[in-house]
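**Student:** The sequence isn't on hand, but the structure is:
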DNA sequence: GGAGTTTTTGGGAGCGCTCTCATACTATAG
DNA sequence: CTATAGTATGAGAGCGCTCCCAAAAACTCC
């Protein structure tokens, strides 16, 4: 039988209340008593029952992490694993636990509220990348603190943590333009995903800034997978681009395959830039220039923000946007390489 | 304020007990009463408090999934995401929830028991791939039902679900031998991971069966990453193998890169077989022959096994070993291609 | 139509904890 | 050495639920 506070109390010659105080670090306990209780606690490796504690205290120190399934990239790129990693470590560090929910697309309201309002969670982090996610709706109605990973255009009055997709995409494309490329194509992400939209927007901004037209034949939509990138690239080939900005590394890898098959050399004939900086990006031939997202950091930041909101409730919304960094490798070439 | 059973009881003109019966599907409730309660329940979208339920009932319908961090492959190959997926869907289907723990290597006993014995979990699934994982130790001492993903040689008297690594590796190597290859090399996984050990063993068995010697210069250890595969392959090159069995697709991809760089053609000069069937395996050049693991299935099976043990406690240990399937693609060539 | 049987219902106890409040004990000052 | 403030401790209630048992209601059947 698991031990209870009462057992510890009996063993240390004190009361349930005192043991509870010791466990929770209440300082209204005489030093000698505390030590006596501590000894028993440690020798028996006592763990308070979280269900009971949650019930009595009204909070559980458990956070929910909701990840929408049905986003095809879940298994192909390391974004979600990294995110989970970041969230999990940050929780460990703050003495919280994580409850993971992979939200299958067919979940309806009922299931969603079951997740949120079962009293086991103090707050939720939702990694929703879809513009129209029913989960976000359900969340808005509730009274549970939450933080989004990835901004949601339809709910700007909501807390979120995001990477500056538009800005860093713009930088990536500007880099290509600075190298002298003029027919810069892009392989976008799905346009029902915020990341996909924002990265395309960054591409457009960069071209517009330099007074270049946005040609429809230089824009193809991918789905963040290698295969999607390959297909999109084959389509773009007809427009004879001299550079390609792919909205994800997996798509860039697919594009690279299509380019190689078409007998084009990267970077001599076509410059290529990806997005994400997945581990494989450094090992493609040639190594891929890409935008490094602080994915783990984003997860950790979401946790910190959420915990802060749980412990200090405030109606203020907060938006944290992290910068991303361009990792210049060989796939985009150098202006030297181009002109000499 | 969240609703309670008592609220629902008042609203439907009945008692707490009856509402509880309705929620839990106890059939000792008159049909008309049930309907009355159901209406209220649904119109208010009532969710029973799981902490309270757990406390009262002594179980929570929450399973823990423990994944050891510090295994470098967590982020590079889709094994863990797939596993999480399988576990999560199976839990959803059985009306259980998953609590995810990424166990950081520096976790000590104290943290571990905090995970296990906090009363929030009805059982745990541990995806421990390491031969000497302290978590397994801690688990053995406790009274919490658990199932391992991946057998553990040091604790055979423990429930586990695993894929038949040895057998399927043997099949893969036999396939290479059947194609007429005679200098079959292998890039193994880390030898402190069970999968790494078993796959090497399968390789050895196949060679031995065909009366071939196991040459040390044809065996190189990798770490399941692309880079590891690349390095191992460069080392193996000196021994002039005519085929390579890599213990993971990521390593096979690295090997492919090394082979290509060395001017060797796959499959004409060297046949290549991987393990895992990650999505990218179908899109390498040439497409990779590989062993497809039923990873999701394994996760689901672990859940089913665990739930069964929770609901019908038994001291019997059970070992479920799933077969894997060889996906023959072009990287291994055909005997026709070799002889004509 | 009443005894016996079965089905349905409500109330009480209690899961293990936290929190509040009253009490007991200790220290300081008058 | 008592009054006063402060500190330490224990008892009680209660969080929202399940489980058990007894009471009530609804059926049987002679």
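**Tutor:** In hand now; what should we look at? Computed from a prediction, not measured in an experiment: that's the story for all the values here.
**Student:** for the residue of the stretch 101-250 of chain A found nearest DNA strand D, helix, strand, or coil?
**Tutor:** Evaluated by CB to the nearest atom of the strand, the stretch 101-250 of chain A has residue A:119 as its residue closest to DNA strand D, separated by 6.8 Å. Where C-beta positions appear, they are placed from N, C-alpha and C, glycine not excepted. Following DSSP: H, G, I helix; E, B strand; the rest coil, the label given to residue A:119 is coil.
**Student:** any idea how far residue B:102 is from the spatially most central residue of chain A?
**Tutor:** A centroid search over chain A (CA atoms, centre = their mean) returns residue A:83, at 4.7 Å, as the residue closest to the centre. Distance, residue A:83 to residue B:102, by CB to CB, to the nearest Å: 11 Å.
**Student:** Considering only the stretch 201-340 of chain A, name the residue that lies closest to DNA strand C.
**Tutor:** Residue of the stretch 201-340 of chain A nearest DNA strand C, by CB to the nearest atom of the strand: residue A:311 (12.2 Å).
**Student:** Now do the same for residue A:99: helix, strand or coil?
**Tutor:** Three-state call for residue A:99 (three-state DSSP): strand.
**Student:** and it, bridged to which residues?
**Tutor:** Residue A:99 has these beta-bridge partners by DSSP bridges: residue A:64, residue B:99.
**Student:** Would you confirm that it contacts residue A:66?
**Tutor:** No - using CB atoms under 8 Å, residue A:99 is not in contact with residue A:66; the gap is 9.3 Å.
**Student:** Show me where chain A dips below the pLDDT cut-off.
**Tutor:** Chain A contains residues with pLDDT under 70 at A:70-75, A:106-110, A:335-340.
**Student:** Can you pull the residues of it lying near DNA strand C?
**Tutor:** A:1-2, A:4-6, A:16-17, A:20, A:23-24, A:48-49, A:52-53, A:55-57 (CB under 7 Å from any atom of the strand).
**Student:** For chain A, what lies in contact range of DNA strand D?
**Tutor:** Counting by CB under 7 Å from any atom of the strand, the residues of chain A close to DNA strand D are A:9, A:14-18, A:21, A:27-30, A:33, A:52, A:55-56, A:119.
**Student:** What count of nearby residues applies to residue A:316?
**Tutor:** Neighbour count of residue A:316, defined by other CB atoms under 10 Å in any protein chain shown: 6.
**Student:** Correct me if wrong: the residue nearest to the centre of chain A contacts residue A:300.
**Tutor:** No - in this structure, residue A:83 is not within contact of residue A:300 by CB under 8 Å, at 9.7 Å.
**Student:** Now do the SS call for residue A:198.
**Tutor:** Following three-state DSSP, residue A:198 is assigned to helix.
**Student:** Skipping adjacent residues, who's closest to it in space?
**Tutor:** Spatial nearest neighbour of residue A:198, chain neighbours left out: residue A:165 (3.6 Å); criterion: CB to CB, 6 or more residues apart in numbering or on different chains.
**Student:** who touches residue A:91 in this structure?
**Tutor:** With contact set as CB atoms under 8 Å, 6 or more residues apart in numbering or on different chains, residue A:91 has these partners: A:63, A:97, A:98, A:303.
**Student:** Going along the chain, name the helices of the stretch 151-300 of chain A.
**Tutor:** Under the criterion DSSP state H, counting those that start in this stretch, the stretch 151-300 of chain A contains helices at A:165-178, A:194-209, A:226-237, A:249-261, A:295-311.
**Student:** Just name the most buried of these.
**Tutor:** Mean neighbours per residue, mean count of other CB atoms under 10 Å in any protein chain shown, is largest over those for helix A:249-261, with a mean of 25.
**Student:** can you give me how far that one is from the chain middle?
**Tutor:** In this view, helix A:249-261 has its centroid 24 Å away from the chain centroid, taken as CA atoms, centre = their mean, to the nearest Å.
**Student:** orientation of it relative to helix A:226-237 in degrees?
**Tutor:** Relative orientation of helix A:249-261 versus helix A:226-237 (axes from the mean of the first three to the mean of the last three CA atoms, to 10 degrees): 50 degrees.
**Student:** just checking, what packs against helix A:249-261?
**Tutor:** For helix A:249-261, the packing partners by 3 or more CB pairs under 8 Å, 6 or more residues apart in numbering or on different chains; DSSP states H and E come out as strand A:184-188, helix A:226-237, strand A:243-246, strand A:271-273.
**Student:** And for it, what's in contact with it?
**Tutor:** A:73, A:76-77, A:187, A:189, A:222, A:224-234, A:237, A:244, A:246, A:266, A:269-270, A:272-278, A:280-281, A:284, A:288, A:290, A:331, B:280, B:283, B:285.
**Student:** got it, and stretch A:53-63?
**Tutor:** Stretch A:53-63 is contacted from outside by A:50, A:87, A:91, A:95-99, A:119-125, A:303, A:306-307, A:310, B:49, B:51-52, B:55, B:99, B:120, using CB under 8 Å, 6+ apart.
**Student:** mind checking how far the residue nearest to residue A:198 is from residue A:195?
**Tutor:** With distances taken as CB to CB, residue A:165 is found 6 Å from residue A:195.
**Student:** Residue A:214 now?
**Tutor:** Taken as CB to CB, the span from residue A:214 to residue A:195 is 19 Å.
**Student:** Columns distance to residue A:177 on top of the helices and strands packed on helix A:249-261, output as CSV?
**Tutor:** Converted to CSV, the helices and strands packed on helix A:249-261 look like this (distance: least, CB to CB, whole Å):
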stretch, distance to residue A:177
strand A:184-188, 7
helix A:226-237, 17
strand A:243-246, 8
strand A:271-273, 10
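**Student:** I'd like these as JSON lines, with distance to chain B appended.
**Tutor:** What follows is the helices and strands packed on helix A:249-261, written out as JSON lines (distance: least, CB to the nearest CB, whole Å):
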{"stretch": "strand A:184-188", "distance to chain B": "15"}
{"stretch": "helix A:226-237", "distance to chain B": "5"}
{"stretch": "strand A:243-246", "distance to chain B": "15"}
{"stretch": "strand A:271-273", "distance to chain B": "17"}
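**Student:** Nearest to residue A:141 among these would be which one?
**Tutor:** Of all those, it is strand A:184-188 that lies closest to residue A:141, at 32.3 Å by CB to CB.
**Student:** Would you mind listing what in the stretch 51-200 of chain A touches chain B?
**Tutor:** A:51-52, A:54-55, A:60, A:62, A:65, A:69, A:74-76, A:78, A:80-82, A:84-85, A:88-89, A:92, A:97-102, A:104, A:109-110, A:113-115, A:117-120 (CB under 8 Å from any CB of the partner chain).
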